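Trainee: Sharing a model that was predicted from the sequence below.
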Amino acid sequence: MSSTGDHRLVEPHEPGWAASLKRGWALVFLRDWHPVLRDPLDLFRLSFPVGALIFALQGDWDAVVRLLLPGVAVFLVRAIDVPRAVDWVFGAAMFFQGWGNALHLFEEFWWYDNLVHISLPMSLAPILYIGFARLDVVPDPSERAGSNSELLGMALITMCLGVTAASFYEIYEWVVDHWFGQHLFIGETDTITDLADGFLGAGLGGLFLAAWALTRYTSRRLPHRLGRALVKDA
């Protein structure tokens, strides 16, 4: 008996729970909720001014300043519209810096200072490179994925930017310690350790940007209409 039926293979359907999970993830993390309050990271950014207000009511003005400065930084980076992954890493670094100072975590945990001095250049180095790319000083990351040498060059430039930022921070620590009496425990060992952490963090930032370039994604945050399309396809 011959068969005349259709023997085309049928692709298995995605389970309903998996599709719902994927769609929920896209709704929360990939699509802009509103032009003003776009996603969970914007809620996270609000923790800085809200925390500063609470400390101000308690009369702790040192904590207020420690939170407001990182708060300004995370909102400035928001205005640049860097990719969400870069924005999240920078937000985490500012959290460690701001809330660590406000809650005196640097004194509580010996390793906390190392964490901050690694995460800050790791997050800031890619942002500085992207900023220079916007000014046409260096090529866009997506244009540097043509060969391993291009990726290596971009990673090295990114690392140098991060190391420069870490060095400037050490100068800042010296200035506020000697001119404004902040008592940041400046010393030769502390400075060398911080610079070594800065080198490590900046190197990780360079590798992170090189990995991002390999994906060929844009160096800008996805526009709202593309976010809607992602949710629709999820």
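Mentor: That came through, no problem.
Trainee: Give the buried residues for the top helix by length along the chain.
Mentor: Ranked by residue count and defined by DSSP state H, the top helix of the chain is helix 148-179. Residues of helix 148-179 classed as buried: 151, 154-155, 157-159, 161-167, 169-170, 173 (neighbour count, 16 or more other CB atoms under 10 Å). Using the backbone N, CA and C atoms, a C-beta is placed for each residue, glycine as well.
Trainee: the helices in the chain, which residues?
Mentor: 16-25, 40-45, 47-57, 61-80, 84-102, 105-108, 112-134, 148-179, 188-214, 224-233.
Trainee: mind listing what's buried in the second one?
Mentor: Buried residues in helix 40-45, counting neighbours by 16+ other CB under 10 Å, are found at 41, 42, 44, 45.
Trainee: Point out where the chain drops to low pLDDT.
Mentor: Across the chain, residues meeting the criterion (pLDDT under 70) sit at 1-31, 178, 180-186, 222-234.
Trainee: one more time with 50
Mentor: For the chain, applying pLDDT under 50 flags the ranges 1-11, 224-234.
Trainee: Please look at residue 144 and residue 150 and confirm they touch.
Mentor: Yes - counting by CB atoms under 8 Å, residue 144 touches residue 150, with 4.4 Å between them.
Trainee: Let's test this: what are the backbone torsions at the closest residue to residue 43 other than its chain neighbours?
Mentor: Once flanking residues are discounted, residue 43 sits nearest to residue 37: 7.1 Å by CB to CB, 6 or more residues apart in numbering. The phi and psi values for residue 37, taken as degrees, to the nearest 10, are phi -110, psi 100.
Trainee: Pull the number of nearby residues for residue 37.
Mentor: 12 (other CB atoms under 10 Å).
Trainee: got it, and residue 76?
Mentor: For residue 76, the neighbour count with other CB under 10 Å is 10.
Trainee: same question, residue 113
Mentor: Residue 113 - counted by other CB under 10 Å - has 18 other residues nearby.
Trainee: residue contacts, the residue lying closest to it once chain neighbours are set aside?
Mentor: Nearest residue to residue 113, sequence neighbours excluded (CB to CB, 6+ apart): residue 106, at 5.5 Å. Contact partners of residue 106, counting by CB atoms under 8 Å, 6 or more residues apart in numbering, are 100, 112, 113, 116.
Trainee: let's see it at 6 Å
Mentor: By CB atoms under 6 Å, 6 or more residues apart in numbering, residue 106 lies in contact with 100, 112, 113.
Trainee: Look up how far residue 47 lies from residue 220.
Mentor: Applying CB to CB, to the nearest Å, the value for residue 220 to residue 47 is 25 Å.
Trainee: which one of those two has more residues nearby?
Mentor: residue 47 (16 against 13).
Trainee: any idea how far that one is from residue 209?
Mentor: The spacing between residue 47 and residue 209, counted by CB to CB, is 27 Å.
Trainee: Residue 108 now?
Mentor: As judged by CB to CB, residue 108 and residue 209 stand 32 Å apart.
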